[in-house]
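J.: When you get a sec, could you give me coordinates for this:
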Amino acid sequence: MSDIDTEHQFKGDPFFEIIHDGEWNATLGRQGHEENYLDGYIEAAIELADAIVEKKLYEKRDTLILPILYNARHATELNIKFAYEKLISAGAIRDDGHGLDHNISAYWQHLRDSNVGDIKLRHIVAALEVFVRSLARIDADGQELRYHRNRDNDLSLEKFSIVNLSLVQKSLRELHALLSDLKYRTLDFVDERATGTFTAACSRRDLNAIARALLPRDRWTDAAFDEVKTAIRQRFGLSSNELSKACKEIQRTRELAALIGIETPLLYLTDDDVMWVIGQWRSLHPKRSQDDTDIEFDYFDISRLEEMQERGRLYQEVINAVNQRLDSGKLADFEVMFYRERDRIPSEYYDRMVAAKLEEHAAAKDSKAEIRHLLEKTNLLQNVRGSAMRLGRVALAAALQDI
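T.: Numbers count the residues shown, from 1 in each chain. Below is the predicted model:
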């Protein structure tokens with residue numbers, strides 16, 4: 001259906017008539033996002049509670065408490081189901097065949113009992129227990145807060161008679177923070193898991209933290225290493241076998257291995273290649289002293305024109321030199337070092353990024369244009385240095401500090 005047809009269809013509709021108003025049009029449906037549902041209900045609950053308490057709307061306490069509590073419960077249900085479905089899709093927890101219903105206790109309990117391989121997610125799920133139990137106690141199936149009588153025709157909320165808005169207001173903010181943490185950590189966890197760097201007990205985030213807590217690999221025979229392992233096991237709730245698997249995964253992964261001092265070679269480049277190219281780049285971008293200031297360009301200043309011409313000649317010399325030094329593999333490798341770090345792409349995708357760059361170069365057949373584009377980057381050193389560390393070239397990253 002075209003926009004014109006839609007506009008005609010909803011002409012005169014009390015809620016959905018198309019009004020060309022850039023200030024108050026809200027997006028939903030095909031222009032909306034799932035996260036709007038996750039965030040919207042808890043935000044509505046908070047806004048209503050704040051309005052009653054801060055504006056002292058005493059006459060609205062008894063009516064608005066119902067949508068406030070319902071929105072809080074519905075937001076909790078949506079966010080727990082969101083995590084439940086995402087984690088099942090990622091293969092992080094099993095599908096218990098629960099089906100679709102409104103039993104928030106059952107969904108939450110499955111998350112808890114699944115013991116997800118991520119310490120932060122486990123802590124968030126555990127912290128949600130008090131809220132889930134409270135909301136499930138007053139409304140087990142999502143009906144009691146919506147209707148005066150439940151499915152059995154009994155009075156809804158019959159065991160309750162009073163609730164304090166000030167307490168509700170405070171608790172809503174705590175609940176909101178936990179639901180937000182659950183949503184964002186679930187999304188990050190799923191993205192991390194796609195890299196393939198995890199164990200049954202530890203996420204990539206956990207492995208990164210463990211690697212930072214470990215001694216360097218060449219000191220794992222030290223007596224002190226036993227104390228370090230004990231502390232890590234206690235912190236992450238790991239068995240000896242689970243920590244052993246975590247250590248193996250750390251050593252297997254470029255970025256994590258670098259954290260314990262393990263060097264991993266690049267696919268095509270040597271450290272000397274990288275240092276040489278950065279040296280060439282530095283000749284085009286010398287370090288600026290504190291006395292350097294930007295000078296306004298004068299198109300009639302012959303000396304400035306000559307300076308620009310000289311810089312153009314220097315660029316061409318450097319481009320030619322780099323083109324001679326780097327074959328297609330090394331050039332692809334160097335480009336990926338820059339773009340991987342700039343775009344914060346996990347190091348696990350390094351190999352396929354280099355392969356993709358090689359295909360791109362083969363199609364474009366213009367290596368000098370690629371080289372010029374790289375050499376013009378004023379942040380080239382910063383990103384190549386960061387990539388060197390994350391790709392396992394620890395000594396190279398340290399050497400690049402001094403250029």
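J.: Following element in sequence after the helix or strand where residue 244 lies, please.
T.: For residue 244, the element it lies in under DSSP states H and E is helix 240-252. Following helix 240-252 in sequence order, the next helix or strand is helix 254-259 (DSSP H and E).
J.: Show me where the stretch 1-150 of the chain dips below the pLDDT cut-off.
T.: Within the stretch 1-150 of the chain, the stretches with pLDDT under 70 are 1-5.
J.: how about 90 then?
T.: 1-12, 15-18, 20-22, 25-35, 37, 96-102, 138-150 (pLDDT under 90).
J.: Look up the closest residue to residue 329, ignoring the ones flanking it.
T.: Sequence neighbours aside, residue 268 is the residue nearest to residue 329 in space, at 3.8 Å (criterion: C-beta to C-beta, 6 or more residues apart in numbering). Quick note: C-beta positions are derived from backbone N, CA and C, even for glycine.
J.: let me fix that: residue 66
T.: residue 145 (5.9 Å).
J.: Near the one you found, how many other residues are there?
T.: 20 (other C-beta atoms under 10 Å).
J.: Next: residue 149.
T.: By other C-beta under 10 Å, the burial measure for residue 149, its neighbour count, is 12.
J.: Also residue 119?
T.: 18.
J.: Hmm, it is touching residue 206, no?
T.: Yes. The pair residue 119 and residue 206 passes the contact test of C-beta atoms under 8 Å, sitting 5.6 Å apart.
J.: Give me the common contacts of these two.
T.: Shared contacts of residue 119 and residue 206, defined by C-beta atoms under 8 Å, 6 or more residues apart in numbering, are found at residue 236.
J.: can you pull the contacts of the closest residue to residue 201 other than its chain neighbours?
T.: In space, and not counting its chain neighbours, residue 201 is closest to residue 242: 4.3 Å by C-beta to C-beta, 6+ apart. With contact taken as C-beta under 8 Å, 6+ apart, residue 242 is in contact with 199-202.
J.: Buried subset of these, written for ChimeraX?
T.: Applied in ChimeraX, the following selects the buried portion of those according to 16 or more other C-beta atoms under 10 Å:
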select :199,201,202
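J.: Which of the contacts of residue 242 fall within helices?
T.: Among these, no residue falls in helices (DSSP state H).
J.: those helices in the stretch 101-250 of the chain, which residues are they?
T.: Remark: helices assigned in the stretch 101-250 of the chain by DSSP state H, counting those that start in this stretch are 104-114, 119-127, 129-138, 165-193, 204-213, 224-236, 240-252.
J.: would you list these in JSON lines and tack on distance to residue 284?
T.: Listed next are those as JSON lines, based on distance: least, C-beta to C-beta, whole Å:
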{"stretch": "helix 104-114", "distance to residue 284": "54"}
{"stretch": "helix 119-127", "distance to residue 284": "44"}
{"stretch": "helix 129-138", "distance to residue 284": "58"}
{"stretch": "helix 165-193", "distance to residue 284": "36"}
{"stretch": "helix 204-213", "distance to residue 284": "35"}
{"stretch": "helix 224-236", "distance to residue 284": "45"}
{"stretch": "helix 240-252", "distance to residue 284": "38"}
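J.: re the thing from before, ok, now which ones touch the residue nearest to residue 329?
T.: The contact partners of residue 268, by C-beta under 8 Å, 6+ apart, come to 327, 329-330, 332-333, 354.
J.: Show me the shaky parts of the stretch 251-400 of the chain.
T.: Across the stretch 251-400 of the chain, the ranges flagged by pLDDT under 90 are 287-313.
J.: how about the helices in it?
T.: Taking DSSP H, counting those that start in this stretch as the criterion, the stretch 251-400 of the chain contains helices spanning 254-259, 271-284, 302-325, 328-342, 350-364, 367-375, 380-390, 394-399.
J.: Just list the residues touching the closest residue to residue 70 other than its chain neighbours, thanks.
T.: Among residues not flanking residue 70 along the chain, residue 145 sits closest, at 3.9 Å (C-beta to C-beta, 6+ apart). By C-beta under 8 Å, 6+ apart, the contact list for residue 145 reads 66, 69-70, 73, 138-139, 156-157.
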